[in-house]
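# Quick check, what structure comes out for this input:
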Amino acid sequence: MSWTKGQLLWVRTGREPGGVILVLRKRLGKAFLRNRLKRRLRHVCRELNLPATESLVVLAQQQAASCSFQRLRVEMTQLLAGLGQSKVLH
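Down below sits the predicted model:
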């Protein structure tokens, strides 16, 4: 299980049966910035209709805390395509 790396996010498949695990380190910034990023990433995952049978681990990088929602969505879509997730909606 190696990471598929982007500029803002790293993703890999998880070991759990289903769901998305968001990893946001304290070095990303204050709690309100991390919480806002978490809310954005959850919304992106809901929009993309990820399959419920597989789990996904998302590790946010420093630049992700200050980027736009659209850029997060584009990068997540590209990374999921790299992982082989075929059920991603546009």
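
# Might you report the residue contacts of the residue sitting nearest the centre point of the chain?
With distances taken as Cα atoms, centre = their mean, residue 58 lies nearest the centre of the chain, 4.2 Å away. Contact analysis of residue 58 by Cβ atoms under 8 Å, 6 or more residues apart in numbering lists 9, 10, 11, 20, 21, 22, 23, 41, 45, 76. C-beta coordinates here come from the backbone N, C-alpha and C atoms, glycine included.

# looking at this, it is in a strand?
Yes. Assignment of residue 58 by DSSP: H, G, I helix; E, B strand; the rest coil places it within a strand.

# hey, what's it bridged with?
Note on residue 58: beta-bridge partners residue 11, residue 22, judged by DSSP bridges.

# Name the residues of the longest helix along the chain that are buried.
Criterion DSSP state H: the longest helix present in the chain is helix 31-47. Using 16 or more other Cβ atoms under 10 Å as the test for burial, helix 31-47 gives 34, 37, 40, 41, 44, 45.

# ok, now which ones touch the third one?
Each residue near residue 40 by Cβ under 8 Å, 6+ apart is listed here: 69, 72.
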